[in-house]
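Student: Starting from these lines, generate the structure:
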Amino acid sequence: MSIAVFVALFKALVVLSILILIVGLIKPKWILFWMKEPNRILVSGIALMMFMVAMTGYTQFTVQPKAKSERERTQDETNALNLGRTTK
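Tutor: The predicted structure follows:
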């Protein structure tokens, strides 16, 4: 599966979690149909967990890591950069 498929999947999961939250706050019985007495707190907790998972997955596939600054590099990484300096 390509990255675009995962990004689309996580976007759909974000939308689904928001819809579950809205519907569950209005009619929790529709979301938690197997429970005798569903409550809004459980629905909001499920929707929040789904939202967090979806946003974490989405950012993992879309955000690129920042390049390290010169101070954050180790000595080996600095030496491997080959900045056009010749060694004596």
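
Student: Every contact and neighbour count from this point should use C-alpha atoms.
Tutor: Fine.

Student: could you give me the average pLDDT of stretch 59-77?
Tutor: Averaged over stretch 59-77, pLDDT sits at 72.

Student: Start the count at 50 instead of 1 going forward.
Tutor: Okay, using 50 as the starting number, the last item reads as stretch 108-126.

Student: Just the pLDDT for the residue nearest the centre of the chain.
Tutor: The centre of the chain sits closest to T105, judged by CA atoms, centre = their mean, with a distance of 1.4 Å. pLDDT for T105: 93.

Student: what do you get for I52?
Tutor: For I52, the pLDDT comes out at 84.

Student: cool, and the one 3 residues further on?
Tutor: The confidence metric pLDDT takes the value 87 at F55.

Student: In terms of helix, strand or coil, where does it fall?
Tutor: Secondary structure, DSSP: H, G, I helix; E, B strand; the rest coil: F55 is helix.

Student: Report the contact partners of it.
Tutor: 107, 110 (CA atoms under 8 Å, 6 or more residues apart in numbering).

Student: What separation do you get for it and G94?
Tutor: Using CA to CA, to the nearest Å, F55 is found at 24 Å from G94.

Student: Same check on T105?
Tutor: In this structure, T105 and G94 are 16 Å apart, going by CA to CA.

Student: Good, wrapping up.
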